[in-house]
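[1] Here is the input, now give the coordinates:
(chains A, B, C and D)
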Amino acid sequence: MIESPHYTAEHEIFRTNVRRFIERECLPHRKAWQAECRPPHALWEKAGAAGLLCTKMSPEYGGADGDLYHCMIIIEEQTRACFNELAFYLHSDIIAPYIELYGTPSQRQRYLPKMATGEYTAAIAMTEPSGGSDLQAMRTRAVKAGDHYLLTGQKTFISNAQTADFILVAAKTDVDAGARGVSLFIVDVREAEGFALGRNLRKIGCKVQDTSELFFDNVHVPAENLLGGAEGRGFYHLMQRLPEERLIMAMSAVVNMEAAADEAVAYAKDRRVFDKRLIEHQAARFELAEAKTVTTVARAYLERCIDLFVENQFDAEAGAMAKWWTTEKCCEVIDQCLQLFGGYGYMKETPIARRWMDARLGRIAGGTNEIMKDLIGRSL
Amino acid sequence: MIESPHYTAEHEIFRTNVRRFIERECLPHRKAWQAECRPPHALWEKAGAAGLLCTKMSPEYGGADGDLYHCMIIIEEQTRACFNELAFYLHSDIIAPYIELYGTPSQRQRYLPKMATGEYTAAIAMTEPSGGSDLQAMRTRAVKAGDHYLLTGQKTFISNAQTADFILVAAKTDVDAGARGVSLFIVDVREAEGFALGRNLRKIGCKVQDTSELFFDNVHVPAENLLGGAEGRGFYHLMQRLPEERLIMAMSAVVNMEAAADEAVAYAKDRRVFDKRLIEHQAARFELAEAKTVTTVARAYLERCIDLFVENQFDAEAGAMAKWWTTEKCCEVIDQCLQLFGGYGYMKETPIARRWMDARLGRIAGGTNEIMKDLIGRSL
Amino acid sequence: MRETARRFFVTECLPHRDAWDEAGMAPRSIWRRAGELGLLCSRVPEQYGGVGGDILHSIALIEEQTKTGVVGPMLSLHSDVVAPYILHYGSEAQKKRILPQMVSGEWIGAVAMTEPSGGSDLRSMTTRARRSGGDYLISGAKTFISNGANADIVVLAAQTEAGISLFLVETAELAGFARGIPLDKAGQWSGDTTELFFEDARVPESALLGGVEGRGFAQLSERLAEERLLTGVVAVSAMEQAIADTIAYTRERQAFGRSVLDFQNTRFRLAEARTEAIVCRAFMERCVRKFAAGKLDAVEAAMLKWWSTEQQNKIIDSCLQLHGGYGYMLEYPIARAWLDSRIAKIYGGANEIMKEIIGRSL
Amino acid sequence: MRETARRFFVTECLPHRDAWDEAGMAPRSIWRRAGELGLLCSRVPEQYGGVGGDILHSIALIEEQTKTGVVGPMLSLHSDVVAPYILHYGSEAQKKRILPQMVSGEWIGAVAMTEPSGGSDLRSMTTRARRSGGDYLISGAKTFISNGANADIVVLAAQTEAGISLFLVETAELAGFARGIPLDKAGQWSGDTTELFFEDARVPESALLGGVEGRGFAQLSERLAEERLLTGVVAVSAMEQAIADTIAYTRERQAFGRSVLDFQNTRFRLAEARTEAIVCRAFMERCVRKFAAGKLDAVEAAMLKWWSTEQQNKIIDSCLQLHGGYGYMLEYPIARAWLDSRIAKIYGGANEIMKEIIGRSL
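    Residues are numbered from 1 along each chain as shown, chains lettered A, B, ... in the order given. Coordinates of the predicted model:
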C-alpha cells in the first residue's frame, strides 16, 4: 500500500500476518461487534497469538522489539479494510509504554507479558465529565490509607473499558499541587470493589470500539499499583507520551485520507454520469486533484514527523501540529470524496460513509484540535 | 444596475446625474489624483454643485432630504465605474449626520450648509496609533481652559484629512470616566495652531483617498466647538452612528462583489482558452456559479438589513454582522473572479485588480472584522 | 398549526425516535395521527379534504419538525413534494381519489426518479413504460426512494415513446412490484429509504400524469424548484437549532475555570455561525416570497439549495466541534444533526448539479 | 553564499526598493553587481564561468531574496529558468557565448511563452518562425514577460513547421523587435514585465534551441517542473517571513490592555499558519530531494506549485488581517507581501492548469 524505504522484508511479512488476521478474525464479525458496541475479549487473545500486540515492547516482556512502522502497518492494514473503528494501537502503543517506561520492575513483570499475549486488555482513564481536556481541573482523588489508596471520582470517554482487565487511572494524590499532584494508578478493575462500569456510550462512528463512563467510589488500590511507585509523576508522564500518541493519530489520519482519495478516484473512473465517466467532468477531476494533492502533502509531512520522532526531536508543539492538521485535512478530504459518491456515499455499506463517521472523532479525541492550537499558539 | 422596488423616478434622475458626474469630473482625473494620493478640494465643490453631497440632510441646511437609497446610488455608480477608491459617503453620510443629529443649532448652521455645497470638506478622527479600535484606550485629551479646550494627542488612518476644512476629533475630557469621558470636537484645522497634518500614508489601494496621521499639540478649540455642547457624549454618539456606518460599508461591499462577478462572467464568455470559451470549462463555470450565488445571497441579506434599518431595528449586532460578512465575501468573490482573468487580473488597468486592492480595506476599516465578531460573540 | 405541530413532534414522535431509528422507519399509525391533527398536505384545497393553506403552513411544519430533530415520518416529502404533483398535473378523478387519502394519512406518498446507475442524470433513465393494450407495463429499478417502504402512491418517472413521463402508481396489489429492504444509511435512520423494483408492472393508461406522454422532464423541473426551496427551509432551521443548542451547551460547560462560551475562539465561531444563519434566512425568505408570488426560478432555487445545505453542514460541523467529546455521542442532538444533514448536499439534486444549473444560466 | 546573498539584498537592494518600484525595474548595474558577487547562475559549471553549484545554492538565494521582500532584480528567473534552457538544450557554442555573460550579469535573460490571446494554452500560440534562407523570421507578440524590458537574451517559443520550437533570441540590434512599456501591475513593482513584439525579426538557424524543430513543448515541459519547484520555494519563504513578521508585530502591538498576540483568535490564526507553513516546507523539501535525485515528476511539481502558492496567499492574507489598519499601509512588509504574492497563483501556469495536470494523471 505504502512505498517507504523504511519497510524491511520483516515488516512485509508482518503486514501479511496483519492483513490475514483482519480478514479472517475481524471482518466476518464486524456486524456482530457493532451490534454489541464492543469487541470480545477473545479478540485480544487471538491478536496476541498472531503477534499483533505490543510489537514495540521489549522481548524481555514478550514484545517483538519492533518500531513505529509496525504500528503503522497495523493502521495501514486496518484502513485498507476500512476497519479503523477499533484502535489496536491504544493497547499496544499508548497504554503498554506507560508501564514499560514508567512502571516499577514488578509492575512490568506483572502486566506487560499478559498485555503482549492479550490475556490482559487495558484502558487509560484521564478525561472527566466536568473537565474535558483540562487535566488541572481533575477531580478524581486518591487518598493514601496505609498500604493502599482509596480512589474516588468519575471518568468518561474511556475506550476499551468494557473488556479491560485493568485501567490506568489518573487521579490527584495532592489536590494543592496542581499538575504535580497528579498520579497514575493501575487499577485491576475485575476485582475492584466500588468500581462501576457506566454506560457504553453510543457514538457517531467507531462502533466496535466501546467508550464508557467509569465510576470509582472508594476503590481500594494497593500502593504497589501506583505507577512507578512515586506520587506526583502522572502529569509529567502523560505530557511525555503525548507527542508519540498524537503522531500515531496523525499516521492514522493520513493513511485514512489516502484510502478515501484512492477509493474516490477508482469510483470516479468507473461511474458514468451524463454520458461521461465522472472523472471526465472537470469539476470532479479538480476535486480529486485537490484531494490527491492534500494526501501527497500530508504524506510528505508525516514522513518528516516520523523522521523527527526517530531523531527524538518530535516535541509537544510538533505533536499538536501533526494531530490537528492531519485530522482536519482527513475530514475535509473524506467529505469531499464522499460527495463524489452521491447517494451511495451516505450508505453505511460504502467504506467512504464509514470513514466519514469514524474519522470525525479524530478532530476531538486526544485533545480537541482547539486545544492543539492553543498549545501551539502559546509557544509562538 | 440594480433592480429594486425602492428606486423612484427621482432616484433614477439622480443616478443619471451621479453617473455623468463621475464620468466627466472624476474618471479623467483619476491618474493625476492617484499620483497626488488625494483628490483636489475643488472636487467637493463640484460635487456639491452637482447635488451629490449630503443628500440625506434636511433641506433646512441645504440637503436634499433624501434617503439611504441616494447614498446607495452613489455607491452603485462609483462601483460601476470602478471608482470606489474615494468614499464620498464619508463626507455626506457619516460625518454630516453627527453635526445634524448631535450638534447645537449654531454648529448646524455654521457647518452643514457649507458641507452641502462642498465649500467645507470634513474628516473624522477616532483611531489612534497606539490603540486601534479600542476607544477606551484613547489618549487624546481635551483639557478645559476657560472658554476653550486644549487638545493634545495623535490620530492615525484619518481619511480626507488632507483636504479637510474641519475635523471631528474624539478626545477624552475626563480620563477617569472611561467611555463616558469621551467627547467630540469640531476642529477648524485651517486656523488651528498646534495642529499638524502628518504623512499621507501610502496604501495598498484606495489611492485617491488620502489617509493621514494627525498631530495635536495644545490645539486651541473654542468651547462652542464641543459637539452638542455637553461633555462625555462622544462615545454614545459614535456607538449610535456605527450601525448605519457599517450598513453603508456593507452596501459598498455587496455592490462591489456584484460588479466583480458580472465582469468575470462577461470575461469568461468572451475569453477563449483550449479551444473553448472559458465559461465552457466546468471548473470555471462552477467558480462563477459560486460567485453569482454569493452575490445573490448577499443582496438578499443586504435588502433585509436595509428593511430593518428603515424600521429602526438595525442594531449594533446587526451592523457588525453586515459589515464583517459582506466585506469578507466581497474579498472572496473578487479574489475568485480575479483568478479567472489570469495575468490580466494582476494588471492595474483591469478593474478587477483595482477592486481587489481597494476591497481589502473593507475587512479592516470601520473596526476590523475581528472586532465585529467579538461584538457579536459577546451578545450571544 | 405551528403549535399543534410542535406538540405533535415533541410529545408523539420524539419519545419514539430511538425505536423508529431502530426499525428504520416510522409506523403507519403516526401518519394517520398526523392526518387526524391536520398536519398532512396542508396546502391541498378543501374540496379534496385539505385545509387550503399556503407555503407558510408547510414551512411552519418543516421548521417544527427540524427543530425537534425528528426525521421520520417524512411528512414534508409526502405533503410538499408528492401531493403537489397530483394537484398540479393530476386529473380531477385522481385528485378526488388520492388526495383525501393522503390528507388523512391513510396513504403515504413517494417519488421515484433516481436509478442505481444514473444518479441525478435523468436522461440516462432506463425504467421504461410501454403501452400494452389500454395499459402501461413498467419495468425497471429505482433507488434511494424515501418513504419507499411504506408508499401507497408513487410518482414514478419512466421512459415512454415520447420521452420521460410521470406515472401515478398505486402500489396496493400491484403485480410485478417489489420493495427492497430499507437501506442502512449514515443518518436519517427513521426515514425509510428503499429500492423499488418493477417487472412488467401493469398500470392503467389513466396513471399517466397529465395525460400526455413526454411531459415528465418539464413536470419534474417545475416541481423541483419547490422541493429545493423547502430543502433550504430545512437547512436554515437545522442550522438555527444547532446554533441554539451550542450556545446553550457552551454557556453551561466549564473548561479551564470558565464557561466554554467565554473563550474567544468559541465566541468567534458562534458569531460566524449566527451571522451565516441570519444571512441564509434572509435569502431563504426572499425565495419564499418569490415562490409565493410565482416568481422563483430554477436558478435561484438551485442557489438556495446548494448554498443553504453547504452552510448547514459547515455550521453543524463547527457546532459539533464546540461540543468536544460530547459532540460525538449520539445522545446529543448535535451528533444526530451532523449525521442527518450530510445527505442534504446530495439529495434533491447534488450540489454540483445545482452549480451546473446556475453556471449554464450565466 | 547565503550570507553574501543576504548582505547583498539587505544592503544593496533594499535601500533602493522604493526607487526601483517607482522605475518599474531594477537597474542593469545591480545585475552586474550580483554577477560580481557570484550570485548569478550559481548552477552553471565552471567551464562556462559559473561556480557549478547545485539546487541548494539556488534555493538559498531565493530564500534570502524572498525574506527581504525585494522583487526586482528577478535573479532567479535569470539563473534558474533561463540559464538551464541554454545549459540543457543549447549548443556548445551557445553555452560558451551566452552563459559567461549571464553569470557576470552583462546579459539579462527572459523567457517568452505567453501570448495576449492564449494564456497558458500553448497550443493556441500564434507567434511563428518561418525559414527564410539560412535564417528564421519571427513574427508575433508575447506578453507578461518578466525581465522583458532589459532582456538581452530571450528564450522564445514559436510555431515552426514541425510544431512549437524554442529559439535563443539575442535582442541587441535585432531589427523587427520592440518592447512594450513595463506593465503596471498590482504588485511586484520592481520586477519589470513587458510585452515583446516581433515583426519579421531575423535570427540565424543556430538560434533554434536543440537544433531540431518541434521540440519546444517537450523542452518547456521538462523545465517547467523545475520552475514550479522554485515557485514553491518562494512560496514557503514568503509565508515563513510573513508569519515571523506577524508574530513580532502582534507581540509588540497592544490592544484592549494586552498584547494582540495574547488574544486567542490571534494565537489560533498564527498556530494554523505556522503549522501550514511547516507542512508546506516538508512537502517542498521532499520535492527538492526528488528533484536532486532526478525523480520529481510533472504531477508532483504541479501539486507543489498550486498548493504552496494557495497556502502562501491564504497565510499572508490572514497575517495582514492581524496587522489591522497597518496591514493596509505599504510601509509594512506584510502589505507588499500581500500584493506581491497574488500573482503566484497565476504565473508559471495558473493553479487551475496545475489541477488539470494532476487530474489527468489520476
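
[2] which residues does residue A:168 contact?
    Listed by C-beta atoms under 8 Å, 6 or more residues apart in numbering or on different chains, the contact partners of residue A:168 are A:95, A:98-99, A:122-125, A:184-187, A:227. For the C-beta atoms, the positions are set from N, CA and C on the backbone; glycine is no exception.

[3] any idea which helix or strand carries it?
    Per DSSP states H and E: residue A:168 is located in strand A:166-172.

[4] interface residues of the stretch 101-250 of chain C facing chain A?
    Counting by C-beta under 8 Å from any C-beta of the partner chain, the stretch 101-250 of chain C comes close to chain A at C:114, C:117-121, C:123-124, C:143-144, C:183-187.

[5] For the strand holding residue A:168, what does the pLDDT average out to?
    When pLDDT is averaged over strand A:166-172, the result is 96.

[6] ok, the contacts of residue A:168 vs residue C:247, which is closest?
    Proximity of the contacts of residue A:168 to residue C:247, judged by C-beta to C-beta, is greatest for residue A:125, which lies at 30.3 Å.

[7] and the closest one, how many neighbours?
    Burial measure for residue A:125: 28 neighbouring residues, criterion other C-beta atoms under 10 Å in any protein chain shown.

[8] follow-up on the earlier one: just the ones of the contacts of residue A:168 in strands?
    A:122-125, A:184-187 (DSSP state E).

[9] and which of the contacts of residue A:168 is nearest chain C?
    When the contacts of residue A:168 are compared for distance to chain C (C-beta to the nearest C-beta), residue A:125 wins out at 13.2 Å.

[10] close enough to count as contact, the closest one and residue A:213?
    No. With contact defined as C-beta atoms under 8 Å, residue A:125 does not count as touching residue A:213 (10.0 Å).

[11] Which residues are in contact with each of these two?
    By C-beta under 8 Å, 6+ apart, the residues touching both residue A:125 and residue A:213 are A:155, A:158.

[12] just to revisit the earlier point, let's have the contacts of residue A:168 in JSON lines, adding distance to chain B and pLDDT.
    Listed next are the contacts of residue A:168 as JSON lines, based on distance: C-beta to the nearest C-beta, whole Å; pLDDT from 0 to 100:
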{"residue": "A:95", "distance to chain B": "39", "pLDDT": "96"}
{"residue": "A:98", "distance to chain B": "40", "pLDDT": "97"}
{"residue": "A:99", "distance to chain B": "45", "pLDDT": "97"}
{"residue": "A:122", "distance to chain B": "42", "pLDDT": "96"}
{"residue": "A:123", "distance to chain B": "37", "pLDDT": "96"}
{"residue": "A:124", "distance to chain B": "35", "pLDDT": "96"}
{"residue": "A:125", "distance to chain B": "33", "pLDDT": "95"}
{"residue": "A:184", "distance to chain B": "38", "pLDDT": "97"}
{"residue": "A:185", "distance to chain B": "41", "pLDDT": "97"}
{"residue": "A:186", "distance to chain B": "44", "pLDDT": "97"}
{"residue": "A:187", "distance to chain B": "41", "pLDDT": "97"}
{"residue": "A:227", "distance to chain B": "42", "pLDDT": "97"}
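
[13] how near is the closest residue to chain C within the stretch 101-250 of chain A to chain D?
    Proximity of the stretch 101-250 of chain A to chain C (C-beta to the nearest C-beta) peaks at residue A:202, 4.2 Å away. The gap separating residue A:202 from chain D is 31 Å, by C-beta to the nearest C-beta, to the nearest Å.

[14] Ramachandran coordinates for that residue?
    Main-chain torsions, residue A:202, degrees, to the nearest 10: phi -90, psi 130.

[15] That one: neighbour count?
    14.

[16] And for it, nearest residue in space, chain neighbours not counted?
    residue C:330 (4.2 Å; C-beta to C-beta, 6 or more residues apart in numbering or on different chains).

[17] And residue C:136, by the same measure?
    residue C:129 (4.3 Å).

[18] Who are the packing partners of the strand or helix carrying the one you found?
    Assigned by DSSP H and E, residue C:129 falls within strand C:128-132. Contact partners of strand C:128-132 among helices and strands, from 3 or more C-beta pairs under 8 Å, 6 or more residues apart in numbering or on different chains; DSSP states H and E: strand C:135-146, strand C:153-160.

[19] Quick one: those strands as CSV, columns for mean pLDDT and mean neighbour count too.
    Converted to CSV, those look like this (pLDDT from 0 to 100; neighbours: other C-beta atoms under 10 Å in any protein chain shown):
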stretch, mean pLDDT, mean neighbour count
strand C:135-146, 95, 21
strand C:153-160, 96, 25
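
[20] Point me to the residue of the stretch 201-350 of chain A nearest chain B.
    Closest point on the stretch 201-350 of chain A to chain B, by C-beta to the nearest C-beta, is residue A:282, at 3.8 Å.

[21] residues in contact with that residue?
    B:281-283, D:356, D:359.

[22] Torsion angles phi and psi at it?
    phi -60, psi -40.

[23] quick revisit: burial measure for the residue nearest to residue C:136, as a count.
    By other C-beta under 10 Å, neighbour count at residue C:129 equals 28.

[24] Model confidence for it, exactly?
    Confidence score, pLDDT, at residue C:129: 96.

[25] contacting residues around it?
    C:136-138, C:158-160, C:165, C:167, C:203.

[26] So in the chain, where's the weakest helix or strand by average pLDDT?
    If you meant another chain, say so; for now it's chain A. Ranked by mean pLDDT, DSSP states H and E, the weakest helix or strand in chain A is strand A:272-273, scoring a mean of 88.

[27] try chain C instead
    That would be, for chain C by mean pLDDT, DSSP H and E, strand C:254-255 at a mean of 87.

[28] Each with direction, which strands does it pair with?
    strand C:258-259 (antiparallel) (DSSP bridges).

[29] Spit out the contact partners of residue A:98.
    A:124, A:168, A:184, A:227, A:237, A:241.

[30] Considering the ones in strands among the contacts of residue A:168, which is situated nearest to residue C:262?
    residue A:125 (27.5 Å).

[31] Skipping adjacent residues, who's closest to that closest one in space?
    Leaving out its chain neighbours, residue A:125 is closest to residue A:155 (C-beta to C-beta, 6+ apart), at 4.1 Å.
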